[in-house]
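> Quick one: sequence and predicted model below, then my questions.
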Amino acid sequence: MKTWANILLGLWLVLTGLVHLGGISFSKSGIILAALGIVTGILFFIADRSEKIAMQIGSIFLGVWLVAGGLMSLFHLHFAGSGVILAVLALAAGFMVLITRL
């Protein structure tokens, strides 16, 4: 399960980078990226159940960030501070993934 989560995360990251930086777009790219983020986030929640909680924290933050970002994009949900919340989740996820993997 963790392998699929990592593969989908890699695919989501590449597609997001191409859409935002390369100006490459395709029909329904926003919907596809949002759905892919939600699925990837859910897989990260499911995949880490067997690990110790200290090792799960980064994946939990990553999963929350992916699902929240996907839902907000898919349903056009925005509120005051939503960008800041997503940025803090991204920083927490990145930091925790780095320190638990090193």
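Structure's in. What do you need? Residues are numbered from 1 along each chain as shown.

> OK, contacts around the residue sitting nearest the centre point of the chain?
Geometric centre of the chain, nearest residue: Leu66, 2.7 Å, by CA atoms, centre = their mean. When contacts are counted by CB atoms under 8 Å, 6 or more residues apart in numbering, Leu66 touches Leu9, Trp12, Gly37, Ile38, Thr40, Gly41, Phe44. Heads up, the C-betas are built off the backbone N, CA and C, glycines and all.

> so where do the helices sit in this protein?
For the chain, the helices defined by DSSP state H cover 2-21, 29-47, 53-75, 82-101.

> Need these in CSV (columns: mean pLDDT).
Converted to CSV, those look like this (pLDDT from 0 to 100):
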stretch, mean pLDDT
helix 2-21, 87
helix 29-47, 89
helix 53-75, 87
helix 82-101, 88
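
> returning to what we had before: report the spatially nearest residue to the residue nearest to the centre of the chain, omitting neighbours in sequence.
The shortest distance from Leu66 to any non-neighbouring residue, by CB to CB, 6 or more residues apart in numbering, is to Gly41 (3.3 Å).
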